[in-house]
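[1] Mind looking at a prediction? Sequence and model below.
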Amino acid sequence: MRPHVVAGNWKMNTTRDAARKLTQAIVAGAPKDPRVLTILCPPFVYLRDVAEIVVGSPVALGAQNCHAQPKGAFTGEISAAMLVDVGCTHVILGHSERRHGLGESDGAINDKVHAALAVGLNVILCVGETKEERKDNRMERVFSRHIAAGLAGLKAADLARLVIAYEPVWAIGTGDVATPEQAQEAHAFIRSFIGTSFGFVASESLPILYGGSVTAATAAGLFSRPDIDGGLIGGASLKADEFLAIAKAAVTA
Ligand code: 13P
């Protein structure tokens, strides 16, 4: 059985006080069930505050990005080792807001994946097509490229510390959630592509999350599909009740 994962990507939201209150509410209500891992990914500057609150709870801490180099003259950047140092166990890499908004290439993302794994972090690698790419039926080519390039140089054993998040760009922050059928189809392709590249065992134990306008109302339908192992949640992760309802849906799915 693959674990289910529900991760909240807070993006560039909250204040320090709001981050602490949101964390306290989520820790109080998070499922204490080994079948589901709940992860919070606040902005860098609030990681320590969130770390202090989640310690000893079933909630894990993740960051939203890291730099590929371990240290040095990289003004404004944060290394993977620094994330471990402040209590992170996970890092989101390859989010479309960084790929498309900041021009992050597959090669740069691959360097970050290696840097994160080298210091013991678990990686949540985001992949997904734009509206245009879906219209042209290029989804499978996009997934194959994001995965083959993003995971280049990894061994099957490294996948024990990998989670993939399928996040169609057209669904992010739009309210236009993928249907469970659309998401399942994408997840099944991603899992089979991973199987071809890394073997059956690695692909069967890999959690693949769906992200893009997930709400408490849509979570259960998505998570009930065989290849959808939880969600990467943006907007709805900023409301404790909504996020906890999504995490609960992952327990029963
Ligand atoms: P929304 O849930 O706000 O659509 O964001 C999804 C996302 O980008 C999570 O990383």
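    Structure's in. What do you need?
[2] Only C-alpha atoms from now on, for both contacts and neighbour counts.
    Will do.
[3] Can you name the residues of the protein that neighbour the ligand?
    Applying CA under 6 Å from any ligand atom, we find that the chain lies next to the ligand at 9, 172-173, 211-214, 232-236.
[4] ok, 5 Å please
    For the chain, the residues in contact with the ligand (CA under 5 Å from any ligand atom) are 172-173, 211-213, 232-235.
[5] Could you identify the most distant pair in these?
    Largest separation among those by CA to CA: G173 and L232, giving 12.1 Å.
[6] quick one: common contacting residues for those two?
    Counting by CA atoms under 8 Å, 6 or more residues apart in numbering, the contacts common to G173 and L232 are G212.
[7] Of the two, give the one with the bigger neighbour count.
    Neighbours were counted for G173 and for L232 using other CA atoms under 10 Å; L232 has more, 27 against 16.
[8] Tell me where the stretch 101-250 of the chain has strands.
    For the stretch 101-250 of the chain, the strands defined by DSSP state E, counting those that start in this stretch cover 122-127, 162-166, 208-210, 230-233.
[9] any chance of those in TSV, with mean pLDDT too?
    Output for these, formatted as TSV (pLDDT from 0 to 100):
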stretch	mean pLDDT
strand 122-127	98
strand 162-166	98
strand 208-210	98
strand 230-233	98
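[10] would you turn these into CSV with distance to L40?
    What follows is these, written out as CSV (distance: least, CA to CA, whole Å):
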stretch, distance to L40
strand 122-127, 12
strand 162-166, 15
strand 208-210, 15
strand 230-233, 10
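[11] Quick check: most distant residue from the centroid of the protein.
    A73 (28.1 Å; CA atoms, centre = their mean).
[12] ok, now how distant is it from the ligand?
    29 Å (CA to the nearest ligand atom, to the nearest Å).
[13] tilt between the longest helix along the chain and strand 162-166?
    Secondary structure of the chain per DSSP state H: the longest helix is helix 180-198. With axes from the mean of the first three to the mean of the last three CA atoms, to 10 degrees applied, the angle from helix 180-198 to strand 162-166 works out at 140 degrees.
[14] Contacts for helix 180-198 next, please.
    For helix 180-198, the external contacting residues (CA under 8 Å, 6+ apart) are 140, 143-144, 147, 155-156, 166, 201-204, 206, 208, 210, 221-222, 225-228.
[15] I figured K248 hits D33, correct?
    No. The pair K248 and D33 does not pass the contact test of CA atoms under 8 Å, sitting 9.6 Å apart.
[16] Looking at the two, which is more packed in?
    Remark: of K248 and D33, K248 carries more neighbours, 22 against 11, as counted by other CA under 10 Å.
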